[in-house]
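Asker: prediction below, plus the sequence it came from.
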Amino acid sequence: MGQLEISIPFSGSRYLPPQAAGQFAQVLEASGVVDHFQAWDQLTSWYPQALWRPENAPAAALVPDCDAFQDAFVSAAFAAAMTTDLGLAISTDALRRGPAELLQTMLTLSDGAGRPVICKLGAGELKQALPFGHRRAEGLDRLEDTLRIIRLLLDAPGPIDHDGHHWTYRQAWIGGARAQRPRFMAMGGGPRLMAIAAELADGFVTIAPFAFASPEQYAEAVASVKADLGRRGRDPEAFTFGLWHAAVIILDGEDPDLFLDNALLRFFAAMAGRLDQKAWAAEGVDAVFPDDWHYALKLLPASLSDDEVRSVVGRTSRRMVERSYTLGTAKEVAATMAAYAEAGATYHSLCDMAPFVRPLEAGEAALGAQLEACRILKATVSP
């Protein structure tokens, strides 16, 4: 097993000063158990505004909407500037930035962090694309283009030419400074994305339990990618296998019903608890959306009416919520993460959903529980 890496995401709202990203990063660095500050590049939230209300999300009393995200790359720059020994990880898509521009940014951030920054690159979400004039249908082609062009720009000693699906480069060159070489991981799932990752990326990252409901399922995916890497003459041990963990960490004395009955978490479970809606039937759970519905291809939160949102929440069973998240104490969540580590995951992002729905005064305790889960994971899993 490779060296274990952990990140914790920063949910940066523009209702907060951008320096908040750096302050959060300082706490992560001081913990000694988190390797990377993580920022996700979002233009709009996964949640419809109809649910962003104090009775579902106490933060809504102070933050009027859930769509005013900070720029992830700027947040990462603040994190790098305000820490001395913390890595950076950014998740974005291949739709909204050109390959050369993305590489230029990641090289700059890597120099600022003093270590290679991780860029987790997906095929994009409809909610990030359609409202802003991008074509989500081009996502996988653009992902392949971007990773291929970035590899060419990093490896070539001079200007490059390239004819891709959507990008044509002629005598393109962004200079030879390579003090720190960023790591690019393909993010998502499905056969083609995993094949693109095996050919062109430094790693593959997905999410549990949304995409892989058990460590056994994930182990099969790891074995498949490793076999593909071997066929391509690449070293599987030099490849990063990453997981986001969709978790709900319960603090001492908390009633789990606070989370299981929360409308925000119920909506999220319905639309993403299993990315393949057909998977619910095998678990004896009635799906809310049709078999061919995938949130990345269908979800437009701003277009949902209040009645539609209430219908989704009302049809989401408690069993679905229970099975959509890694739910438990910090120790229990760490044990599940460790099981996925044994199945092959070397990079872990702990995405705790609980702070969105519990009282704001519990914020410090919530972050403490996340850090405790990270500490237990690192103590449990041997490199």
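Answerer: In hand now; what should we look at? All values reported here derive from a predicted model rather than from experimental measurement.

Asker: below-threshold pLDDT in the stretch 251-383 of the chain: ranges please.
Answerer: Across the stretch 251-383 of the chain, the ranges flagged by pLDDT under 70 are 382-383.

Asker: hmm, try it at 90
Answerer: Where the stretch 251-383 of the chain drops to pLDDT under 90, the residues are 359-363, 382-383.

Asker: which parts of it are strands?
Answerer: Per DSSP state E, counting those that start in this stretch, the stretch 251-383 of the chain carries strands over the ranges 326-328, 347-352.

Asker: ok, residue 319 to residue 152 distance?
Answerer: Going from residue 319 to residue 152 by C-beta to C-beta, to the nearest Å gives 48 Å. (Each C-beta comes from the backbone N, C-alpha and C, glycine too.)

Asker: repeat that for residue 238.
Answerer: Here the criterion is C-beta to C-beta. By it, residue 238 lies 19 Å from residue 152.

Asker: more neighbours: the two, which one.
Answerer: Counted by other C-beta atoms under 10 Å, residue 238 and residue 152 do not tie: residue 152 has more neighbours, with 15 against 10.

Asker: buried deepest among the strands of the stretch 251-383 of the chain, which one?
Answerer: Here the criterion is mean neighbour count by mean count of other C-beta atoms under 10 Å, and of those the winner is strand 347-352, at a mean of 24.

Asker: now for the strands of the stretch 251-383 of the chain, which one comes closest to residue 255?
Answerer: The closest approach between residue 255 and any of the strands of the stretch 251-383 of the chain, judged by C-beta to C-beta, belongs to strand 326-328 at 12.4 Å.

Asker: and the closest one, what does it pack onto?
Answerer: strand 240-249, helix 330-342 (3 or more C-beta pairs under 8 Å, 6 or more residues apart in numbering; DSSP states H and E).

Asker: buried deepest among these, which one?
Answerer: The stretch of these with the highest mean neighbour count (mean count of other C-beta under 10 Å) is strand 240-249, at a mean of 24.

Asker: within its sheet, name the partner strands of that strand and how each one runs.
Answerer: Using DSSP bridges, strand 240-249 pairs in its sheet with strand 203-208 (parallel), strand 326-328 (parallel), strand 347-352 (parallel).

Asker: same list (the ones you listed) but as JSON lines, adding distance to residue 229.
Answerer: Formatted as JSON lines, the strands paired with strand 240-249 follow (distance: least, C-beta to C-beta, whole Å):
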{"stretch": "strand 203-208", "distance to residue 229": "10"}
{"stretch": "strand 326-328", "distance to residue 229": "28"}
{"stretch": "strand 347-352", "distance to residue 229": "16"}
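
Asker: with respect to residue 20, which of those strands lies nearest?
Answerer: Closest to residue 20 of the strands paired with strand 240-249, according to C-beta to C-beta: strand 347-352, at 17.4 Å.

Asker: for the closest one, which outside residues touch it?
Answerer: 4-9, 38, 89, 118, 185, 203, 205, 207, 240-249, 333, 337, 340-341, 366, 369-370, 373-374, 377 (C-beta atoms under 8 Å, 6 or more residues apart in numbering).

Asker: again, but for stretch 95-104
Answerer: Contacts of stretch 95-104 (C-beta under 8 Å, 6+ apart): 41, 92, 105, 119, 121, 123-124, 128-129, 132, 134-136, 138-139, 142, 145-146, 149-150, 153-154, 167, 169, 172, 174, 182.

Asker: how about it as PDB, C-alpha atoms only?
Answerer: Presented in PDB, the C-alpha positions along stretch 95-104 are these (Å, rounded to 0.1, in the frame of the first residue of the first chain):
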ATOM      1  CA  LEU A  95     -15.400  22.100 -19.400                       C
ATOM      2  CA  ARG A  96     -14.700  25.600 -18.000                       C
ATOM      3  CA  ARG A  97     -10.900  26.200 -18.400                       C
ATOM      4  CA  GLY A  98      -8.500  25.600 -21.200                       C
ATOM      5  CA  PRO A  99      -5.700  23.000 -20.700                       C
ATOM      6  CA  ALA A 100      -2.900  25.500 -20.900                       C
ATOM      7  CA  GLU A 101      -4.600  28.000 -18.600                       C
ATOM      8  CA  LEU A 102      -5.400  25.200 -16.000                       C
ATOM      9  CA  LEU A 103      -1.800  23.900 -16.100                       C
ATOM     10  CA  GLN A 104      -0.400  27.500 -15.700                       C
END
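
Asker: pLDDT below threshold where in the stretch 1-150 of the chain?
Answerer: Applying pLDDT under 90 to the stretch 1-150 of the chain flags the ranges 1-3, 11.

Asker: and the helices in it?
Answerer: Counting by DSSP state H, counting those that start in this stretch, the stretch 1-150 of the chain has helices at residues 19-31, 72-81, 99-113, 126-129, 139-155.

Asker: quick one, which of those helices gets closest to residue 296.
Answerer: For these, the distance to residue 296 is smallest for helix 126-129, at 6.5 Å, taking C-beta to C-beta.
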